[in-house]
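# I would like the atomic coordinates for the input below:
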Amino acid sequence: MTHSSIPIGVIGAGSWGTTLANLLASKGYRVTLWVYEEQLLN
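Residues are numbered from 1 along each chain as shown. Model prediction:
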């Protein structure tokens with residue numbers, strides 16, 4: 001199984017969640033980032 005076929009979800013877009021999501025995405029994983037506060041998306 002390749003990295004791109006493994007979906008990963010990160011809950012929380014704070015400093016840790018965003019960093020983790022970016023790191024995993026840069027390694028080729030498909031990452032979904034869940035955000036509670038809508039203004040953090042921008």
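
# now the helices for the protein?
The residue ranges that make up the helices of the chain, judged by DSSP state H, are 15-26.

# Output the below-cut-off pLDDT ranges for it.
By pLDDT under 70, the low-scoring segments of the chain are 1, 3, 40-42.

# all strands of it, in order?
7-11, 30-34 (DSSP state E).

# Now do the first one against strand 30-34: the angle between them, please.
Looking back up the chat, that one is strand 7-11. 20 degrees (axes from the mean of the first three to the mean of the last three Cα atoms, to 10 degrees).

# Would you work out how far apart the start and end of stretch 21-35 are?
12 Å (Cα to Cα, to the nearest Å).

# residue closest to the middle of the chain?
For the chain, Ala21 is the residue whose C-alpha lies nearest the centre (Cα atoms, centre = their mean; 2.9 Å).

# hang on, the earlier thing: deepest in the core, which of the strands of the chain is it.
strand 30-34 (a mean of 14; mean count of other Cβ atoms under 10 Å). No exception for glycine: its C-beta is placed from N, CA and C like everyone else's.

# Off-centre distance for that one?
4 Å (Cα atoms, centre = their mean, to the nearest Å).

# Report the backbone C-alpha coordinates of that strand in PDB.
Only the C-alpha atoms of strand 30-34 are listed here, as PDB (Å, rounded to 0.1, in the frame of the first residue of the first chain):
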ATOM      1  CA  ARG A  30      -4.000  12.100   1.600                       C
ATOM      2  CA  VAL A  31      -4.800  14.300   4.600                       C
ATOM      3  CA  THR A  32      -8.100  15.700   5.700                       C
ATOM      4  CA  LEU A  33      -7.900  18.500   8.300                       C
ATOM      5  CA  TRP A  34     -11.000  19.000  10.500                       C
END
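
# Just the residues contacting that strand, thanks.
Residues outside strand 30-34 that contact it (Cβ atoms under 8 Å, 6 or more residues apart in numbering): 4-13, 17-18, 21, 24-25.

# same check, this time on stretch 2-18
With contact meaning Cβ under 8 Å, 6+ apart, stretch 2-18 is reached by 20-21, 24, 27-37, 40-41.
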